[in-house]
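[1] Dropping the sequence and predicted coords here.
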Amino acid sequence: MKRVFKVTVIFCVLLVVAYCAYLLETSNKKERNELLVGQWEIFWTNEIDTNIKEEGLEKIEGWIESSFKNPAVERPYSNASQWIRFQIPKDLKTDSPAVFLEKIYGYSIVILLDNEKIYESNRNFNYEINSILIPLTEDNKGKTVYIGIQSNNRIGIQKEIRIGEYYDLQRAFVESNITDFILGSSLIFIAVVMLICSMFLNAENIKSWLSLCIVILSSGVIVITYSSFLYSLFSEYGKLFVTLFDLSLFVLLPAFTYFFECIFGQGFYSIITRYRKFQVIYSAFCVVLMIVDHQISNNSFFEFYRFASATLLGYIMIIQFILLVSISTLFTIKGNIEAIIFSTGFAIFAVMGLGELLWFYSKSAYYDLFLWKWGVVCFLISLIIILGRRFARNHEQVVEYSKQLEMFNNELQRSEKMEIISELAASVAHEVRNPLQVTRGFIQLLAEKQQNSDKLYLNMALDELDRASNIITDFLTFAKPEVGKVATLNLLNEFIHIEGILVPMANLQGGRITVNIPDNLFIKGNSSKFKQASINIIKNGIEALNGDGDIHIWAYTANNDIFIHIKDTGEGMDEEVLKRLGEPYFSNKTKGTGLGLMVTFRIIEVMQGEIRFKSKKGAGTEVIIRFPSADSFEE
């Protein structure tokens, strides 16, 4: 349910982005105080004579009426040029009139007014979309404007001719193109920032990061160089812009496939890797062909280059999208959240792109694609989300590894401490115990002969010697924690004996001990060592009661393991104390040495068990001990 909710939220976000983008695109078409010329006349010819006079054009017969609703008038055979004429209204109410041709197709365009050439553009590169703003004067009202266009591809005016105040039309000229420029520049800026940030990434993430960076960068360049804004302002660099568009497209496709490969793997039979290598080779071939056609042969191979870089490349893109969507769909069926996000973003891009392509072909190619770029933005957002999830997951893994490393370091330090104590105990304990026993024997003889107050002090010395001897015994137990004779232990019988020993001590302090253990739980170990460890834990619980309280003991089996719980209602411990349990000489008791719990840990460890504590200050402590069952111990 959580995954479905996340995907739904992402899908809604992408739809909102696409809708806002559409509103932003259409917001530039607000009505202004201007005149719209929706009808004009056209005349087809083989070649435009730029030296022809207006009087000559007026005498030409065969003008055909046309309008923006039906701009694609059938072109006569072999005619590559077209003249268009329309009249500037006489009742135009403005002091600074201007004509705005928002969209006009043609490689060479010349505009005549009052026997004068007021505009001329000759493009030697493959981009025929023009956006032209021409200032007029008061004397131009009521006159006829002649526009000569030459093009082997799309040709003519495709939108209403707008005539009005120059400054209003200048603003409309900027608004009609600025969206693409802002969008493309934003993508390029994001890619540059990502490229700078890549210097701080590790080798594991750098590949997917750089591939996405290249995808975003090339997408931004394509959006900018597809718009007519740059070509209208900097027509002298038009050839460079077209070259950048082609190069970006050649780079985008293999980079996109490589990013998909970094996220989802090589695919069945390494099909993604193989297709990506094919794309790299084909893109390199197109780049070489572009250099030969543009720089060496002066466009002698343009038709072949156009076929390779447009028609064939389009089929390669279709195959690429089908391949990636198919693999993504398989991962989506398996519940891969990243595949679901990828499919969602790509679905939005596909719906927008396919819808526009159908509309494009229904208009006989007299339509400029604009929704596709917002589909690309939605798709890029989904790719960024995928990469962000990947980074977040890596961060979680790093945090988890850090916690494990800290735990291993603490365990290592504890092991080193235990090893030092073990070596010290093994080498010193025996040597210290012998003189202690001799000293105790002599003091005991002296105490039996004394009848005065000195006997009290001698007995106190004997008690302290016995205490020292017990400490040495704990040291020896820790240093040599051999289990001894191993037998099958019935937990119920063991705890009945332990209960009989500790119930008087608990009752003396006002506590109660309850045992709830089934009769069919068996472990392997030494009975005396097991009792020693259990008694140490239960005694600590009794002492933590500080009066009235309960100690509850229960056990059960799970996954071939025996779990023993010892829970008291005593004063409890905070987190800092819990971390130090089992350290030598660490104890909360005033007369404690900390060696008893240390020995308990070692006994349980030797019996192949584990022990952990759960406690909260003021809420008691629960000890959980796990032993392998007798059957699994033998295995």
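    That came through fine. What you see is a predicted model; the values in this text were computed from it and never measured.
[2] nearest spatial neighbour of Ile161, skipping sequence neighbours?
    Val37 (4.0 Å; Cβ to Cβ, 6 or more residues apart in numbering). C-beta coordinates here come from the backbone N, C-alpha and C atoms, glycine included.
[3] same deal with Arg154?
    Tyr105 (4.0 Å).
[4] give me every residue that touches that neighbour.
    Glu128, Ile129, Asn130, Ile149, Ser151, Asn153, Arg154, Ile155, Gly156, Gln158, Tyr366 (Cβ atoms under 8 Å, 6 or more residues apart in numbering).
[5] quick one: which of those residues is nearest to Ala630?
    Nearest to Ala630 among the contacts of Tyr105, counting by Cβ to Cβ, is Ile129 at 84.8 Å.
[6] Check the burial of the closest one by counting its neighbours.
    16 (other Cβ atoms under 10 Å).
[7] quick one, what contacts it?
    By Cβ under 8 Å, 6+ apart, the residues touching Ile129 are Lys103, Tyr105, Ser228, Tyr231, Asp368.
[8] What confidence value was assigned to it?
    You'll see Ile129 listed with a pLDDT of 84.
[9] And for Asn152, the neighbour number?
    Per other Cβ under 10 Å, the neighbour tally for Asn152 reads 9.
[10] Against Tyr105, how distant is it?
    11 Å (Cβ to Cβ, to the nearest Å).
[11] about what we covered before: need the contacts of Tyr105 in CSV (columns: distance to His294).
    What follows is those, written out as CSV (distance: Cβ to Cβ, whole Å):
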residue, distance to His294
Glu128, 17
Ile129, 20
Asn130, 21
Ile149, 24
Ser151, 20
Asn153, 18
Arg154, 22
Ile155, 24
Gly156, 27
Gln158, 28
Tyr366, 27
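[12] and which of those is nearest to Phe86?
    Gly156 (12.4 Å).
[13] Just the pLDDT at the closest one, thanks.
    Taking Gly156 on its own, its pLDDT is 84.
[14] Give me the distance between Ile216 and Arg276.
    According to Cβ to Cβ, Ile216 and Arg276 sit 18 Å apart.
[15] neighbour-wise, which of those two wins?
    Ile216 (27 against 23).
[16] Now do the same contact list for the more buried one.
    Leu187, Ile190, Ala191, Met194, Leu380.
[17] OK, contacts around the second one?
    Ile190 makes contact with Ile216, Gly220, according to Cβ under 8 Å, 6+ apart.
[18] Following the chain onward from the helix or strand in which it is found, which element is next?
    Assigned by DSSP states H and E, Ile190 belongs to helix 166-197. Using DSSP H and E, the helix or strand that follows helix 166-197 in sequence is helix 203-226.
[19] Break this protein down into its domains, please.
    What automatic domain parsing lists as the domains of the chain is 35-173, 487-634.
[20] between the ones you listed, which one is nearest to Phe285?
    Short answer: domain 35-173, nearest of these by Cβ to Cβ, at 18.7 Å.
[21] And stretch 140-158, what's buried?
    140-141, 145-151, 154-158 (16 or more other Cβ atoms under 10 Å).
[22] scratch that, stretch 237-257
    Buried-residue list, stretch 237-257, by 16+ other Cβ under 10 Å: 238, 241-257.
[23] ranges for the strands of the stretch 201-350 of the chain?
    Using DSSP state E, counting those that start in this stretch, no strands are found in the stretch 201-350 of the chain.
[24] Flag the shaky bits of it, pLDDT-wise.
    Residue ranges of the stretch 201-350 of the chain with pLDDT under 70: 204, 299, 347, 350.
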